[in-house]
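how would this look folded up:
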Amino acid sequence: MKLPSLTLGRYRFAPAFVPTVVFLLLFPALLSLGVWQMERAHAKQALVERRAASELEAPLTLMPDTQLGDDARYHAAIVRGHYVAEQQWLLDNRVYRGQPGYHVFTPFVIEGASAPQLLVNRGWVAVGASRDFLPSLPVDERNVTLTGRLDSPASVGLVVGEVPLGSLDDRVLMQSLDIAALARARGMDFKRYALVLDEGGAGALQYDWSPIPEMGPEKHLGYAIQWFGLAVALLIIYVGVNTRRDGRDGGEHVKA
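Numbers count the residues shown, from 1 in each chain. You can find the predicted model right below:
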């Protein structure tokens with residue numbers, strides 16, 4: 001198939017069909033990837049700024065009727081009540097200092113409430129000698145005061161299958177923990193964020209929460225520059241391959 005050509009001075013741009021199809025497929029894709037990484041960079045920058053701002057704010061006191069909005073994430077919080085040790089959820093694929101393990105989430109009854117309303121991320125625990133045996137995770141059920149940071153459970157890259165949330169044992173290994181889905185399945189009224197327990201708090205395990213994202217905005221910006229650079233390089237190659245010196249003035253047909 002012959003495509004239209006364009007003559008500019010002594011040069012003629014006459015794109016071939018196959019290179020044009022490849023270009024039209026790849027060029028928008030590269031630009032889209034660059035824009036996506038720019039958006040990720042802006043989102044991560046907003047995340048860093050929000051976390052920094054939360055450091056300057058007074059802790060929230062969590063009560064049974066406390067409603068948590070989007071701006072509550074990463075906020076310091078304080079709560080009084082007691083753990084419910086009969087049910088604990090272990091979030092898999094959490095690595096601490098190169099060692100595989102779990103984040104341990106335990107339900108917590110806020111003082112004045114009659115049922116668990118809060119999930120507490122007590123910290124990290126190692127897998128142990130075998131994944132066939134989950135670690136023992138006792139916790140005192142007397143009234144305590146906890147402090148920490150409000151956050152969503154850590155996410156994982158790929159989750160295969162679904163956990164049968166309607167029927168769970170006392171210790172459950174999970175690849176992903178969605179607080180809202182868990183609350184619906186168990187008939188509980190959990191707050192939208194978990195409390196990441198401060199180091200040394202009652203029932204605390206190994207503390208490994210960081211207020212800084214693992215991949216900061218500068219990395220996403222770097223990836224965006226790479227994708228845009230590839231798009232520019234592809235454009236230059238496409239134009240160069242399909243542009244030749246016009247032979248009507250007696251010159252040779254050579255690549256521009």
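
report the residue ranges of every domain in the protein.
6-44+226-249, 60-197 (automatic domain parsing).

which stretch among those is buried most, on average?
Mean neighbour count (mean count of other Cβ atoms under 10 Å) peaks for domain 60-197 among the domains of the chain, with a mean of 16. C-beta: built from backbone N, CA, C; applies to glycine.

any stretches of the stretch 151-256 of the chain with poor pLDDT?
When residues are selected by pLDDT under 70, those of the stretch 151-256 of the chain lie in 155-169, 211-215, 247-256.

at which residues are the strands of it located?
Using DSSP state E, counting those that start in this stretch, the strands of the stretch 151-256 of the chain run over residues 171-174, 194-197, 243-245.

output those strands as CSV; include the columns distance to residue 66.
Formatted as CSV, the strands of the stretch 151-256 of the chain follow (distance: least, Cβ to Cβ, whole Å):
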stretch, distance to residue 66
strand 171-174, 26
strand 194-197, 12
strand 243-245, 66
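
which one, of the ones you listed, ends up nearest to residue 126?
strand 171-174 (13.7 Å; Cβ to Cβ).

what's next to that closest one, contact-wise?
Residues from elsewhere that reach strand 171-174, judged by Cβ atoms under 8 Å, 6 or more residues apart in numbering: 88, 89, 90, 91, 92, 102, 134, 137, 163.

next, give me the two most distant ones among those.
The widest separation within those (Cβ to Cβ) is 18.1 Å, between 137 and 163.

hmm, back to that, which of the contacts of strand 171-174 scores worst on pLDDT?
Confidence by pLDDT is poorest for residue 163 among the contacts of strand 171-174, given 58.

longest helix in the protein, by residue count?
Of all segments of type helix in the chain, defined using DSSP state H, the longest is helix 17-54.

brilliant, that's me finished.
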